[in-house]
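*Asks:* Provide a 3D model corresponding to the input given below.
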Amino acid sequence: MMQEIRVIWRQEPGEVSIVVANGTLLEKRFEGAGDLLLRMQGTTVVGAGTSVVSVQSKTNPFSFFLRDVDKRFPIWIPEYGVMVTQADDSRSYSAIESDIRAKGLMSNLARCENEPEVGFEAAAAHNRQPSLSTWLGLSRDFRIFKIGFAEHESHSHDWVEACRHERKVPVPEHPVRYNFRIGRGDGCARSLKRSLEDGCLPILHADREEGDVRYRMTGFVTLEQSELTEAGVSGTNFWVAAGHTDGITFTDEQRAEFDRRLGAELEREEETVLIYRVVAENSAEVPRYAWFKVPVPNGTWVPSILEKNVKSEYDSRRGYGVFESGDIGFVAKLGSAPVPQEEVAVLLKPGETLTFDLIFPHRPVSAERAARLAELDVSAKLTECRRYWQGKLDAAAKLNIPEERIADGVRAGLLHLDLISYGQEPDGPVTPTIGVYPPIGSESSPIIQFMDSMGQHRLAERYLAYFLEKQQDDGAIFNFLEYMIETGCVLWSLGEHYRYTRDDGWVESIRTKLQKSCDYLVAWRNRNKREELRGSGYGMLDGKVADPKDDKPTRVYMLNAYAYLGLSRAAEMLANADPEQSRLLALEAEELKRDIRQAYEESLASGPVIPLGDGTWCPTVSPWAGGQGPACLYAEGGSWYSHGSFTVRDSLCGPLYLVFGEIVGSDEPGAAFMLKAHNELMCMNNVALTQPYYSRHPWVHLRRGETKPFLEAYYNSVSAMADRETYTFSEHLNERISEHKTHEEAWFLMETRWMLYMEEGNTLKLLQGIPREWMEDGRTISVSDASSYFGRLSFRVEASAHRIRITIDCPEYRHLQSVEVRLPHPRENRPLRVVGGDYDASSESIRIDRFAGYAEATLEF
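*Replies:* Got it, this is the predicted structure:
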């Protein structure tokens, strides 16, 4: 098919060449200083094989699908001052621009900027509402209990599972789920409400109202015999804990270490114990019945399909669930006596209460030990458990946030991370485990870095020790399936830890391992310094970064951005310990950055432009070097659908990592293009479509000072991904593959940390992402004893009707020169008087230069 098109520039473009993929250029003729006529033979088919036209010049090269050229919707890139339309469109550049602007159209990001800020309630009203099982246990110990309810399952029972992290405890060889029932059964209305103790502690509360009878349930984990204290929890060996995760990768030597330590970890003298207390209360003025059913291991209670693959019986005389071996799986009590039979109905007088206790040892125990469990003082054990978890909170930094849902979510999140961090106490490696999966260099990074932010440097160091212990002989770090991204990510997290601590003694202690991993990345890079890779990723690492399996290895920008971060952070770490090696690594990192940027600039020029909602068009970038635009547009064909979306490679593992990875500046035009394309093609309400916390665009928004788009992403993500009652996160929007997914939760925590404080060069930026309502009259925001690149940090903001005041304390102020504080008035008022710094109305920020450890500033309205 022969087509004629016009390329029109606002100003004369200089020398221009045209390349047509899947077509032939027949004629190229300038009809004016900035008016180029092109005649070509091409194809406009859908999918692969369609013609792509590249307009190549020294400045602002770009590409487009020939099939997209339509005078009704001209291709207009205002940042480049260029348009593409059909040859019979006689309008000038300015005329076309006027016609498009007259329509009053708006892009998604512009719409967000023009609408009120998004908050949690507004986002939650239209988003999915996940209801997830609850994980309970003790820090460092892989003996986890999982609790679920009939209201949230396709079952007619409540349940408890004892798991060694991800794997159910077998009795004797079959995995067991204890199914039981509280209340009279299913109905057309569901009234279950759940919460955490004090809004955040890993102690589960659930209320079920059935008419006049209310069942109040409390579940928590404690020790079988000893008082529960932090010193009394011995933990689990990290090799054994890692070996019980889903998808762990072990070398032969590592597998042997797991096998050697396994027996001692499974045969404990003292079990952890789940206590599940139910208090039934009659609020009627007449007697009412309460119903209870004791647990049945793997019972379905549908007679025609009842299959108990675990032989057991209920001993009503003692209140024991007894397995064929004679060991006891649970103790059931009604008041102070054993539950008299498997199913009971008890008549409660008006105002009367009755206690139903279930006590589950993590592994079945002898009758002698069960008898001691039956005598436990539940109230005292609950007090111990509350004190244990509160102590964890007290030891960390304090983030006082004037929004209860977010404040509770942050505190709960800290403890959720700690809950499934396994290792032997008090020293040695600890696994930063992520949901059912093992630690992964990429997905564990926000866990490590949030703990560092909260002042938990020793724990962060123990997390990092896990990865160094798993390092292979050649320096590679692999933990999960075929992920090849981990080595660079671990080096980055090591470098971030150093930025928090500046601990050169620690660097010296790991220097050999640090160098080995750097050498591994450099060797990998050198294998790709091949001339045939010029234009498609010369000098860049090739490999697999996540789950999707592709036909051939690609030089993914995410992989290479993390490799650059890892090498550059390693150079920082060695600046004092080994200055010469630091210099060499810094040079290697800069050369890698140069090669990545070269590939990125080629991608930006060759990626077909896409239409935005405001009538303009936007250049695009492939997720890997040498690609032609977003994979999901199929310029080169392929099969990219995965994890419930066509956009996984482009959105979750895509080119925005170049900004996060410090390859492309957040203020560069290319960063804006990537944000626009990502938002229009790959987001709903500025949230990526499947595993959204893999996408780093909220961070880019904050870096660019784009608060409203950040808040749209922040609140829509957390409201759709986190259980709104217990704050546990799922992995995906569309599936319940992994619950208690701490990778997603940790990115939420890091985004909260960044909205409160964020480092940029020698500047500390405070409150860049907070919503305006946090500045309402009488509200307070405070951060106490947090950690930053500049040292320990505390600040406090007090808002009143006529004044906003902040105090900032960063006593070490390492390399800190300026502080920028955004103080948005809830009604967008401008201050009448500013004390303590220079005010910028456009960003609603006050800047304090020559910061010397402490400062105060006030805005008066």
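*Asks:* OK, contacts around the residue lying closest to Tyr466 once chain neighbours are set aside?
*Replies:* Leaving out its chain neighbours, the residue that sits closest to Tyr466 by C-beta to C-beta, 6 or more residues apart in numbering is Pro429, at 4.0 Å. For every residue, glycine as well, the C-beta is placed using N, CA and C. With contact taken as C-beta atoms under 8 Å, 6 or more residues apart in numbering, Pro429 is in contact with 238, 423, 462-463, 465-466, 468-469.
*Asks:* tell me which residue lies nearest the centroid of this structure.
*Replies:* Glu744 (2.7 Å; C-alpha atoms, centre = their mean).
*Asks:* correct me if wrong: it contacts Val718.
*Replies:* No. Counting by C-beta atoms under 8 Å, Glu744 does not reach Val718; the two are 9.3 Å apart.
*Asks:* can you map out the helices along the stretch 401-550 of the chain?
*Replies:* 404-419, 445-453, 457-469, 486-501, 504-527 (DSSP state H, counting those that start in this stretch).
*Asks:* in TSV, list those helices along with mean pLDDT and distance to Gly47.
*Replies:* Putting the helices of the stretch 401-550 of the chain into TSV (pLDDT from 0 to 100; distance: least, C-beta to C-beta, whole Å) gives the following:
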stretch	mean pLDDT	distance to Gly47
helix 404-419	98	43
helix 445-453	98	37
helix 457-469	98	42
helix 486-501	98	34
helix 504-527	98	33
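*Asks:* and those helices as CSV, adding distance to Ser606?
*Replies:* Listed next are the helices of the stretch 401-550 of the chain as CSV, based on distance: least, C-beta to C-beta, whole Å:
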stretch, distance to Ser606
helix 404-419, 41
helix 445-453, 31
helix 457-469, 37
helix 486-501, 26
helix 504-527, 23
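*Asks:* deepest of those, which one?
*Replies:* Of all the helices of the stretch 401-550 of the chain, helix 445-453 carries the top mean neighbour count, a mean of 27, counting by mean count of other C-beta atoms under 10 Å.
*Asks:* which secondary structure elements does that one contact?
*Replies:* Secondary-structure packing of helix 445-453 (3 or more C-beta pairs under 8 Å, 6 or more residues apart in numbering; DSSP states H and E): helix 404-419, helix 457-469, helix 486-501, helix 742-756, strand 780-788.
*Asks:* re the thing from before, residues in contact with the residue nearest to the centre of the chain?
*Replies:* 691, 693, 721, 729-731.
*Asks:* now Val339: phi and psi?
*Replies:* phi -60, psi 130 (degrees, to the nearest 10).
*Asks:* tell me how far it lies from Glu173.
*Replies:* Note on Val339: its distance to Glu173, by C-beta to C-beta, to the nearest Å, is 28 Å.
*Asks:* please apply the same query to Gly627.
*Replies:* 49 Å.
*Asks:* and Ile401, by the same measure?
*Replies:* Applying C-beta to C-beta to Ile401 and Glu173 gives a distance of 48 Å.
*Asks:* ok, now Val545?
*Replies:* Val545 is 38 Å from Glu173, by C-beta to C-beta.
*Asks:* settle it for me: which of those two has more neighbours?
*Replies:* Val545 (27 against 7; other C-beta atoms under 10 Å).
*Asks:* list the contacts for that one?
*Replies:* Contacts of Val545 (C-beta under 8 Å, 6+ apart): 442, 483-485, 556, 558-559, 653.
*Asks:* chain neighbours aside, what residue packs nearest to it?
*Replies:* Ile485 (4.4 Å).
*Asks:* kindly report the same for Arg724.
*Replies:* Per C-beta to C-beta, 6+ apart, closest to Arg724 is Gln129, 6.2 Å.
*Asks:* the one you found reaches Glu725, doesn't it?
*Replies:* No. Using C-beta under 8 Å, Gln129 is not in contact with Glu725, being 9.7 Å away.
*Asks:* which of those two has more residues huddled nearby?
*Replies:* Glu725 (18 against 11).
*Asks:* can I take it that the more buried one is in a strand?
*Replies:* No. Going by DSSP: H, G, I helix; E, B strand; the rest coil, the assignment for Glu725 is coil, not a strand.
*Asks:* correct me if wrong, but Pro553 is in a strand.
*Replies:* No. Under three-state DSSP, Pro553 sits outside any strand and is assigned coil.
*Asks:* averaged pLDDT, the longest helix along the chain. What do you get?
*Replies:* Looking across the chain with DSSP state H, the single longest helix is helix 579-606. For helix 579-606, mean pLDDT rounds to 98.
*Asks:* show me which positions of it end up buried.
*Replies:* 581-582, 585-586, 588-589, 591-593, 595-596, 598-600, 602-606 (16 or more other C-beta atoms under 10 Å).
*Asks:* list the contacts of the helix or strand following it.
*Replies:* Using DSSP states H and E, the helix or strand that follows helix 579-606 towards the C-terminus is strand 607-611. Strand 607-611 is contacted from outside by 52, 62-65, 68, 73, 75, 77, 617-622, 627-630, 633, 635, 677, 680-681, using C-beta under 8 Å, 6+ apart.
*Asks:* and if we set it to 10 Å?
*Replies:* Residues from elsewhere that reach strand 607-611 (C-beta atoms under 10 Å, 6 or more residues apart in numbering): 50, 52-54, 62-68, 73, 75-77, 80, 82, 84, 107, 616-622, 627-630, 633, 635, 655, 673-674, 676-677, 680-681.
*Asks:* which helices and strands does the longest helix of the chain pack with?
*Replies:* Judged by 3 or more C-beta pairs under 10 Å, 6 or more residues apart in numbering; DSSP states H and E, the packing partners of helix 579-606 are strand 52-56, strand 62-65, helix 504-527, helix 557-577, strand 617-620, helix 657-660, helix 669-682.
*Asks:* any idea which of those gets closest to Glu285?
*Replies:* Minimum separation from Glu285 across the helices and strands packed on helix 579-606 (C-beta to C-beta) falls at helix 669-682, 58.4 Å.
*Asks:* following the closest one, which helix or strand comes up?
*Replies:* Heading C-terminal from helix 669-682 (DSSP H and E), you reach strand 683-684.
*Asks:* list the buried ones in stretch 540-558?
*Replies:* 540-547, 554-558.
*Asks:* farthest pair within these?
*Replies:* Going by C-beta to C-beta, the pair spanning these furthest: Met540 and Asp547, at 21.3 Å.
*Asks:* listing request: residues of the stretch 301-450 of the chain with sub-threshold pLDDT.
*Replies:* 301-309 (pLDDT under 70).
*Asks:* before we move on, what about the stretch 1-150 of the chain?
*Replies:* Of all residues in the stretch 1-150 of the chain, none has pLDDT under 70.
*Asks:* just the pLDDT for Gly761.
*Replies:* 97.
*Asks:* residue contacts, it?
*Replies:* Gly761 neighbours (C-beta under 10 Å, 6+ apart): 789, 815-818.
*Asks:* run a quick neighbour tally on Met1.
*Replies:* The burial count for Met1: 12, using other C-beta under 10 Å.
*Asks:* my read: it touches Leu26, true?
*Replies:* No. Between Met1 and Leu26 no contact is recorded; they are 11.8 Å apart, counting by C-beta atoms under 10 Å.
*Asks:* so for those two, which residues contact both of them?
*Replies:* 40-42.
*Asks:* of those residues - the most surrounded one?
*Replies:* Gly42 (23 neighbours).
*Asks:* give me the phi and psi for it.
*Replies:* Dihedral angles (degrees, to the nearest 10) for Gly42: phi -150, psi -180.
*Asks:* now it: how far from Ser536?
*Replies:* 23 Å.
*Asks:* could you do Thr50 as well?
*Replies:* Plainly put, Thr50 is 20 Å away from Ser536 if you go by C-beta to C-beta.
*Asks:* and Leu491, by the same measure?
*Replies:* Leu491 sits at a distance of 25 Å from Ser536 (criterion: C-beta to C-beta).
*Asks:* just Ile248 next, same as before
*Replies:* As judged by C-beta to C-beta, Ile248 and Ser536 stand 34 Å apart.
*Asks:* who's more crowded, the two?
*Replies:* Ile248 (22 against 16).
*Asks:* mind listing what that one touches?
*Replies:* Counting by C-beta under 10 Å, 6+ apart, Ile248 has contacts 166, 241-242, 254-255, 258, 431, 437-439, 470, 478-481.
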